[in-house]
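>>> what follows is a predicted protein model with its sequence.
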2 protein chains.
Amino acid sequence: MNSTQTSLVPEGPGSVNWTDRFAARARIGGGDLTAILSLVGSADTITFSGGFPAPETFPVAAMETLVARLVGHDAAVAFQYTPTEGLPSSRVAVADLVESTQGLRPDPADVLVTSGGIEALQLLCGVFVDAGDAVAVEAPTYLGALMAFRRSAAHVVGISMDGGGLDVDELERHLRGGGPVPKLLYVIPDHQNPTGLSLTLERRRALVELCSRYGILVVEDVAYRELGFDAEPLPSLWSLAPHTVLQIGTFSKILFPGVRLGWAIGPRAVVGAMAAGKQNADQCAGALGQRIMSEFVAGGHFPAHLAAARRLYAGRAAAMLSALGRSMPPAATWTRPAGGFFVWLTVPAGIDTTLLAGRAQGEGVAFVPGAPFYVDGRGRNQIRLAFSGVPEDRIDEGVRRLGRLVTDSTRMEA
Amino acid sequence: MNSTQTSLVPEGPGSVNWTDRFAARARIGGGDLTAILSLVGSADTITFSGGFPAPETFPVAAMETLVARLVGHDAAVAFQYTPTEGLPSSRVAVADLVESTQGLRPDPADVLVTSGGIEALQLLCGVFVDAGDAVAVEAPTYLGALMAFRRSAAHVVGISMDGGGLDVDELERHLRGGGPVPKLLYVIPDHQNPTGLSLTLERRRALVELCSRYGILVVEDVAYRELGFDAEPLPSLWSLAPHTVLQIGTFSKILFPGVRLGWAIGPRAVVGAMAAGKQNADQCAGALGQRIMSEFVAGGHFPAHLAAARRLYAGRAAAMLSALGRSMPPAATWTRPAGGFFVWLTVPAGIDTTLLAGRAQGEGVAFVPGAPFYVDGRGRNQIRLAFSGVPEDRIDEGVRRLGRLVTDSTRMEA
């Protein structure tokens, strides 16, 4: 406090320790992760940590024209509040985009425009999760989802994954086991965070059928769905079972994160209750971002924009896979993603990757260790590598540094 | 659902009723207000309902230059994620603005950049409010705050106001009464929503002293503070007692709402815990809005911009006060705000303004009835009139329509 006047009530020995008065939920950790993410290496550090989109994909040229038009001719809308559910034009734009990429058109009345994907998850927790309610997730899964569920005091159950994505048979065995039926199943079917794996078509059908039978709301996060490198994406879960699935999407990966924008689509009662919760959150997603997005969709820019982004990320993924082949010891294995931002690396069992992350700091390379992506202590010898934000010519050097660390650690274990 | 393919799991008699599975908090109402605000009159309706800023105040000319520069030369920052606490430049800009208007400079490390004022309130509830915790508010107070506290299952206590703002003596009597000490006291000291009243200097000093003594965190909402028509504002509560006050500000009224941007300043432990909660909300306020704000502050635009906004709102307030004098029956009374967006109208006790709001729809005028601004059934014969969004030449006609309704209702009562 650089005080330029004297406070009326000085801070002193009798001051309140506000943390003593915090609510129970504010005492829930998250500290490990924050500590890991705040590890800052030297300026030379090559960071595979954050799942950030590449700035090279931001459609600056289109934005220069589009944003100038909005500011000059649409300020009364683009700078004002919007309805909590989103501007009508934004809800239609999301419906248009979803129809064009998923083959099924949501009624715009079933679309909630959110301030990104993680906000949608928080709103959903607000609608469904009382303390102690069971929620099922992929093991491993997105850290932000785990944090949201934990902060809602949910009982989180991790269902294993293999090369075909979530193990639906394991989920079914879990449900037959007679414990509490989860209210929600959170899943990222395409190019998953953190593994880069995708759910097979057969399992997609089995999953929505199973959850429908048990009355479990499937929460489908499609953050990376449109960033497949080659093949057409598989059907979205929502398109297979729109009455059983709440789909959460974000523009952070497929456009840019700087305007906080996403969507939720699903059963109208759920979307409506999420909108009611959003009145107590930020009231509405920012109008400027909504108008940017809907004009970008209406202008027909998305197909070419996505194609360019896919090419860029495909090149970075290929560079990383190739570098891993050159630099990792034989005992290491890794996933081969067909899209998205991530490779999931498994090193020999004796290596604790949380400790390795600390040592990596000194070697000029950063990553996120595997354990925080699980709820049950798994993943201690795993690592998430995000290739999305690193130029190809730096990926090789970064993986080389990491490979040296892993090789050294493997020798120490042996 | 305009289905263009057949759903795998059709909706049928066996479908889940998702509302049966909602969490307790999602069953808490808010319905009354939503119903009131969704009353849509004819195209000719003059609406005094929403506390919207006047689009005429949006600094479009400055934005044209500034936004073009950001998009063209700063896209890698302006379109990317930011740290949860906000960009360093945004936190400095808030500190600069607060220092220039409140005479005390916060350490930028104690500034959290939020997605508007209501988000800050929700984050604060997340940090402090367990179910059943007591929270004190002005009676009447901001609807969004009441909704946030209720959704957190707080026990909300309303402390009366008079022409000098919150009755601090009543608060002290309440505290001496021996009930549970509120964790938070939420107050809007300047040009309050909904009354337009301000807290006197003497009471400001008494209030922070009292709350400091009892260990109550004062939550100071300064949404309208910079929109006083004439005189210099009184000292902010935060500037009087920065260790006892969490100040919440918003750029929605003093710049524009279209980028969802605000701030929280206060004890570092509180601000830090709010930031931890924000990781589960929208992760960060949008970078584009943050950059717009900080460039607008750094460019020195705010003083002239605020002066123009004050003139516009002063003109509208004068038009409304003059129209009320001409159109209201003698038994009606109203506040005479020295700033902000609102006049608070009290009509004869027998008139139920919630019913009147329905009838007003047919007469082409809209307002918010008083009862929802209280927690205890007061305000049934009161009305909030927002003059902020209505051009002067329409205010007279709107108040004339309302005056006719009130006069008719008074006669029916008599």
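Ah, there it is. Because the structure is a prediction, the values reported are computed rather than measured.
>>> neighbours of A:L237, how many?
If you count neighbours by other C-beta atoms under 10 Å in any protein chain shown, A:L237 ends up with 29. In this view, the C-beta of every residue, glycine as well, is placed from N, C-alpha and C.
>>> look up how far B:T19 lies from it.
When C-beta to C-beta, to the nearest Å is the yardstick, A:L237 and B:T19 sit 21 Å from each other.
>>> show me how chain A divides into domains.
Per automatic domain parsing, the domain ranges recorded for chain A read A:23-52+A:304-413, A:76-301.
>>> what does the stretch 201-350 of chain A have sitting close to chain B?
Applying C-beta under 8 Å from any C-beta of the partner chain, we find that the stretch 201-350 of chain A lies next to chain B at A:205, A:208-209, A:212, A:215, A:217, A:239-244, A:252, A:256-260, A:267, A:269-270, A:273, A:276-277, A:279-289.
>>> which residue is the nearest non-sequential neighbour of the residue positioned nearest the centre of chain A?
With distances taken as C-alpha atoms, centre = their mean, chain A has A:Y142 as the residue nearest its mean C-alpha position (5.6 Å). In space, not counting the residues next to it along the chain, A:Y142 is nearest to A:N193; the distance is 4.7 Å by C-beta to C-beta, 6 or more residues apart in numbering or on different chains.
>>> other SSEs contacting the longest strand anywhere in chain A?
Taking DSSP state E as the assignment, the strand of chain A that covers the most residues is strand A:155-162. Helices and strands touching strand A:155-162, by 3 or more C-beta pairs under 8 Å, 6 or more residues apart in numbering or on different chains; DSSP states H and E, are strand A:134-139, helix A:143-151, helix A:168-176.
>>> now it: buried residues?
Using 16 or more other C-beta atoms under 10 Å in any protein chain shown as the burial criterion, the residues of strand A:155-162 that qualify are A:H155, A:V156, A:V157, A:G158, A:I159, A:M161.
>>> what's across from the last one in the sheet?
Here A:M161 sits in beta bridges with A:L166, as judged by DSSP bridges.
>>> which parts of the stretch 101-250 of chain A are helices?
When assigned using DSSP state H, counting those that start in this stretch, the helices of the stretch 101-250 of chain A occupy the ranges A:117-128, A:143-151, A:168-176, A:201-214, A:237-240.
>>> circling back: let me know which of the helices and strands packed on strand A:155-162 is the nearest to chain B.
Go through the helices and strands packed on strand A:155-162 one by one with C-beta to the nearest C-beta and the one that ends up closest to chain B is helix A:143-151, at 4.8 Å.
>>> that older thread, which of the domains of chain A has the lowest average pLDDT?
Mean pLDDT is lowest for domain A:23-52+A:304-413 out of these, coming in at a mean of 91.
>>> ends of that domain, how far apart?
The first and last residues of domain A:23-52+A:304-413 sit 44 Å apart, counting by C-alpha to C-alpha, to the nearest Å.
>>> same question, stretch A:278-292
21 Å.
>>> pull out the buried residues from that stretch.
A:278-292.
>>> same check, this time on stretch A:168-177
When burial is assessed from 16+ other C-beta under 10 Å, stretch A:168-177 yields the following buried residues: A:V168, A:L171, A:E172, A:H174, A:L175.
>>> could you find the closest non-adjacent residue to the last one?
For A:L175, the nearest residue in space outside its immediate sequence neighbours is A:Y214; the separation is 5.6 Å by C-beta to C-beta, 6+ apart.
>>> what about that neighbour, neighbour count?
Neighbour count of A:Y214, defined by other C-beta under 10 Å: 16.
>>> residue contacts, the residue nearest to the centre of chain A?
Contacts for A:Y142 (C-beta atoms under 8 Å, 6 or more residues apart in numbering or on different chains) come out as A:Y186, A:I188, A:N193, A:P194, A:D221, A:F373.
>>> how close does it get to chain B?
Applying C-beta to the nearest C-beta, to the nearest Å, one obtains 12 Å for the distance of A:Y142 from chain B.
>>> next up, phi/psi of that residue, please.
Dihedral angles phi and psi of A:Y142 (degrees, to the nearest 10) take the values phi -60, psi 130.
>>> need the helices and strands packed on strand A:155-162 in JSON lines (columns: distance to B:W344).
Written out in JSON lines, the entries for those read as follows (distance: least, C-beta to C-beta, whole Å):
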{"stretch": "strand A:134-139", "distance to B:W344": "45"}
{"stretch": "helix A:143-151", "distance to B:W344": "38"}
{"stretch": "helix A:168-176", "distance to B:W344": "56"}
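>>> B:P180: which of the ones you listed is closest?
helix A:143-151 (24.9 Å; C-beta to C-beta).
>>> for A:H301, give me phi and psi.
Its backbone dihedrals place A:H301 at phi -80, psi -20, with angles given as degrees, to the nearest 10.
>>> mind listing what's buried along the lengthiest helix in chain A?
Across chain A, the longest stretch assigned as helix under DSSP state H is helix A:302-327. Residues of helix A:302-327 classed as buried by neighbour count (16+ other C-beta under 10 Å): A:302, A:305-306, A:309-310, A:312-314, A:316-317, A:319-321, A:323-324, A:327.
>>> measure A:H301 to chain B for me?
Computed with C-beta to the nearest C-beta, the distance linking A:H301 and chain B is 15 Å.
>>> what's the burial count for the nearest residue to that residue once chain neighbours are set aside?
The shortest distance from A:H301 to any residue other than its chain neighbours is 5.4 Å, reached at A:A62 (C-beta to C-beta, 6+ apart). A:A62 has 17 neighbours, counted by other C-beta under 10 Å.
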